[in-house]
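Enquirer: task: produce atomic coordinates for the following.
(one chain, ligands or ions: 1)
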Amino acid sequence: MTTFRPMRRHRQQLADDESLAILSRATSGVLAIIGDGGYPYAVPLSFVYHDNHLYFHSAREGHKIDAVRQDERCSFCVIDRDDVHPAEFTTYFRSVIAFGRIHIVEDDGERMEALRLLGRHYAPCGHELDLQHEIDKGMPRVTLLRMDIEHMTGKQAIELTH
Ligand SMILES: Cc1cc2nc3c(=O)[nH]c(=O)nc-3n(C[C@H](O)[C@H](O)[C@H](O)COP(=O)(O)OP(=O)(O)OC[C@H]3O[C@@H](n4cnc5c(N)ncnc54)[C@H](O)[C@@H]3O)c2cc1C
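Expert: Residues are numbered from 1 along each chain as shown. As a prediction, the model looks like this:
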């Protein structure tokens, strides 16, 4: 079992509910997996957070899918804020990093639910019937991935803590 390390600058650490709020509203992040030749493969992806999981959709093949099949360990990073303050030579940032394990979702019921969650996240005003039509079209050719979060931290610039 991995022991995840604590944040050194703990005053800048966000409360868990703030981190979850960031994951819930974000529309993209960067998934880090162990890619070809052991090189870390950091790939930007759309996603949706639900109940301690992150769902992603993907084509059925490619670097990402091969990496996930080889090793389930991963991390995912979302940048919530990056306000550059040139006069201060700094940026007011806020971000979340989650560690966990990722795998391909095989169960058709869960695949359908993941697509529904993704659809509602990206088209919150969309009509349920249109969404179902998209899901029916996409289901046969899409791969759904689920990351189970084991550890999560959020951090903000010291200036935002004041
Ligand atoms: C904001 C955002 C949201 C995205 N959302 C999704 C999503 O929800 N689902 C999805 O499947 N894809 C999404 N993409 C595209 C995604 O980043 C990958 O390009 C795609 O998933 C294919 O990955 P792959 O490993 O199968 O590609 P492959 O073609 O197998 O990768 C081969 C090589 O191509 C290069 N490469 C692949 N992707 C990128 C990239 N994005 N930028 C630069 N080089 C790259 C890398 O060198 C990689 O090793 C999104 C991209 C962005 C920027």
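
Enquirer: can you point out the buried residues in the lowest-mean-pLDDT helix or strand in the chain?
Expert: Least confident helix or strand of the chain, by mean pLDDT, DSSP states H and E, is helix 128-138 with a mean of 92. Buried residues in helix 128-138, counted by 16 or more other C-beta atoms under 10 Å: Leu131, Glu134, Ile135. The way it works is simple: take the backbone N, C-alpha and C, and place the C-beta from them, glycine included.

Enquirer: alpha carbons only: can I get it in CSV?
Expert: Written as CSV, here are the backbone C-alpha positions of helix 128-138 (Å, rounded to 0.1, in the frame of the first residue of the first chain):
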residue,chain,number,x,y,z
GLU,A,128,-32.4,14.1,-22.1
LEU,A,129,-33.8,12.6,-25.4
ASP,A,130,-31.0,14.2,-27.5
LEU,A,131,-28.4,12.9,-25.0
GLN,A,132,-29.9,9.4,-25.1
HIS,A,133,-29.6,9.6,-28.9
GLU,A,134,-25.9,10.6,-28.7
ILE,A,135,-25.3,7.8,-26.2
ASP,A,136,-27.0,5.2,-28.4
LYS,A,137,-24.9,6.4,-31.3
GLY,A,138,-21.6,6.5,-29.4
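
Enquirer: which strands and helices lie in contact with whichever helix or strand comes after it?
Expert: Later in the chain than helix 128-138, the nearest helix or strand by DSSP states H and E is strand 143-156. Here strand 143-156 touches helix 16-25, strand 53-58, strand 73-85, strand 90-104, helix 108-122, going by 3 or more C-beta pairs under 8 Å, 6 or more residues apart in numbering; DSSP states H and E.

Enquirer: good, wrapping up.
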